[in-house]
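Colleague: From the sequence below, what's the structure:
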Amino acid sequence: MTTEHAITDGELGEKIDLTHEEVVHLAQLTDEEKILEKKLRRRIDALIMPLAILVYLMNYIDRNNYAAAKLQGLEADLGLDDTKYQTGLSILFVGYILMQVPSNMLLNYMGRPSLYIGFFVCAWGMVSALTSQVSSYGGIVACRFILGLVEAPFFCAILFYLSKWYTKKELAFRMSIFYSGSLLSGAFGNLIAAGILNGLKGKRGLTAWQWLYIIEGSITVAIGLAICFILPDFPETWKLLSPEMRHVAQRRLAIEAGEADLDEEGGMSQIKGLKLAMTDIKTYAFAIAYMCITGAAGFQNFFPTLVKSLGYSETISLVLVAPPYLFMVAYSLCHSLLSDRFGKRFWFFVYPIPITIIGFIIFMTTHSFGPKYFSFFLMVFVFAQNGTLYSWLASSIPRPPAKRAVAFAFFNSLGNSASIWTPFTYLDSEAHRNFPTAMGVCIALQAIGGLMAVFLYFNLRSLNKRQERLENEEVQLSEKDLRRLQATADVEGIDIAAARRLQKGFRYVL
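Modeller: From the prediction side, this is the model:
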């Protein structure tokens, strides 16, 4: 049975005499440490971010080449009708969701993200390449399901991984840079598909869509092998960092959170992390918001088909997909940079919602080339919301890592569940009317996502007010509180009283 210790700041202060200047010193980096922090950040950005972007690029290319393969004869070769094609599209996310929480709990338990991520990158690359050999509806469904299983660990793992390297003030811009990998895949994946359609169709007796899977899957396997050897695990284990730089890397995250970014000792920490995550209402609100924007972004699975409604050939349609994505790559980076600079998340998540709704309405109600193609540039504003939501989640789910890992996994599971059913809203019978059912669903989802953002804003604001009240009162500490403080004190090389005072600066980002 857990007992409560009536230990307060006042009582701790009687044992340890800390001046105001000493407390301030403990709550921020020294000038020398700030210089090291800049060097550390440059080193992290130079190695980790390019690898993360590259893998995410291939993740989306391997996942979405199914849509490009549709224009290259996949349906005819495998005898797929509208329903079978949509089932093949959505089945990936069934496997994807089933693996989310178990995979992230395993990642946090193993503690070797380089090998963990690298292994699964190789695995999904092999599955993608072997998809080229399917010859039936059952075969493509099986491959898509397995692809979902082996792709599942990557996204949550990389979100969890980046949160172990960057502070919340740095995350939004980096998350946007990271997410640009998926946007680039929308552009270059379809350009690659167009090139294969023109250059390799019929070579060695293989169709264009078979070459598409072989080439892109093989590239992914090579990148996965490189990840295993190049990607560092965590700051405290990266041998290329000096001891001083490793200390700064841990200290800056501990200062920001008011506690060390460590799990409790013992094998039960993962189960406790699961319980902590699933009893935090913020986990559900973020997950529903992500489900809404994922569902609203479901048009990306049909983007080549939507663009083909403009009346051009398969090759031209694949090329026309690229400009909206490239526009959003540049725009989302500026969007997230400003979000970081102003320290705001709510408004940067909400303002794209009316823009995307206007885009969906224009697409539904017009048939001429100019307005219809312009609507795509408005619809892709939904992707600007992703980087904001990722960084908002990362800064709003408190440590320990075991809780954060499960929360990220649940967030991604529920979010991607929209990808199971939204494909069935794109009805071929409504193609001539510009898919009114699908566009209506996208509008409704964006509205619900906005409501979730409003809830999160007021919930986090109330938590910040509670934190302010706690700072002005003497509060009893439980054994659990003391253990967490001791973990921080051990990392910082300070006493529990100082670690207690470090917590007083923490606020949720609104």
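
Colleague: Other residues contacting stretch 83-101?
Modeller: Applying C-beta atoms under 8 Å, 6 or more residues apart in numbering, the contact partners of stretch 83-101 are 63, 66-67, 70, 75, 80, 137, 140-141, 144-153, 156, 274, 301, 406, 409-410, 412-413, 416-417, 419-421, 423-424, 426. Heads up, the C-betas are built off the backbone N, CA and C, glycines and all.

Colleague: out of the residues you listed, which are buried?
Modeller: With neighbours counted using 16 or more other C-beta atoms under 10 Å, these contain these buried positions: 63, 66-67, 70, 75, 80, 137, 140-141, 144-153, 156, 274, 301, 406, 409-410, 412-413, 416-417, 419-420, 423, 426.

Colleague: Filter these down to the ones in helices?
Modeller: In helices, defined here by DSSP state H, the members of those are 63, 66-67, 70, 75, 137, 140-141, 144-153, 156, 274, 406, 409-410, 412-413, 416-417, 419-420.

Colleague: Strands along the protein, start to end?
Modeller: Taking DSSP state E as the criterion, the chain contains strands spanning 4-5, 477-478.

Colleague: Where among those is average confidence lowest?
Modeller: Of all these, the segment with the smallest mean pLDDT is strand 4-5, scoring a mean of 40.

Colleague: can you map out the helices along the stretch 301-450 of the chain?
Modeller: In the stretch 301-450 of the chain, the segments counted as helices under DSSP state H, counting those that start in this stretch are 303-308, 314-320, 322-342, 346-350, 352-365, 369-379, 382-396, 401-421, 436-471.

Colleague: where in the stretch 301-450 of the chain is pLDDT low?
Modeller: Within the stretch 301-450 of the chain, the stretches falling below the threshold (pLDDT under 70) are 398-402, 405.

Colleague: can you pull the contacts of Ile510?
Modeller: Careful, residue 510 is Leu and not Ile. Residues in contact with Leu510, defined by C-beta under 8 Å, 6+ apart, are Lys344, Arg345, Phe346, Tyr457, Leu460, Arg461, Asn464.

Colleague: Number of residues surrounding the closest residue to the fourth one other than its chain neighbours?
Modeller: By the measure of C-beta to C-beta, 6 or more residues apart in numbering, the closest residue to Tyr457 outside its immediate chain neighbours is Phe346, 4.5 Å from it. Here the count is done by other C-beta atoms under 10 Å, and Phe346 has 19 residues near it.

Colleague: got it, and Leu240?
Modeller: Applying the criterion other C-beta under 10 Å, we find 9 residues in the vicinity of Leu240.

Colleague: Same check on Ile361?
Modeller: Quick note: Ile361 (other C-beta under 10 Å) scores 15 neighbours.

Colleague: about what we covered before: for the residue nearest to Tyr457, which residues are in contact?
Modeller: Applying C-beta under 8 Å, 6+ apart, one finds that Phe346 lies in contact with Ala453, Val454, Leu456, Tyr457, Leu510.

Colleague: Tell me how far the fourth one lies from Val350.
Modeller: So the one you mean is Tyr457. In this view, Tyr457 and Val350 are 9 Å apart by C-beta to C-beta, to the nearest Å.

Colleague: Could you measure from Ser375 over to Ile362?
Modeller: Ser375 sits 4 Å away from Ile362 when distances are taken as C-beta to C-beta.

Colleague: Settle it for me: which of the two has more neighbours?
Modeller: A side-by-side neighbour count of Ser375 and Ile362, using other C-beta under 10 Å, places Ser375 first with 24 against 18.

Colleague: neighbours around the nearest residue to Ala52 once chain neighbours are set aside, how many?
Modeller: Once flanking residues are discounted, Ala52 sits nearest to Phe178: 5.1 Å by C-beta to C-beta, 6+ apart. Here the number of neighbours of Phe178 (other C-beta under 10 Å) works out to 25.

Colleague: Let me know the pLDDT of Phe178.
Modeller: Reported pLDDT for Phe178: 77.

Colleague: give the contact list for it.
Modeller: Contacts of Phe178 were listed using C-beta under 8 Å, 6+ apart, and they are Met49, Ala52, Ile53, Tyr56, Ile158, Leu162, Gly387, Tyr390.

Colleague: Look up how far Met291 lies from the third one.
Modeller: Which is Ile53. Taking C-beta to C-beta, one finds Ile53 at 25 Å from Met291.
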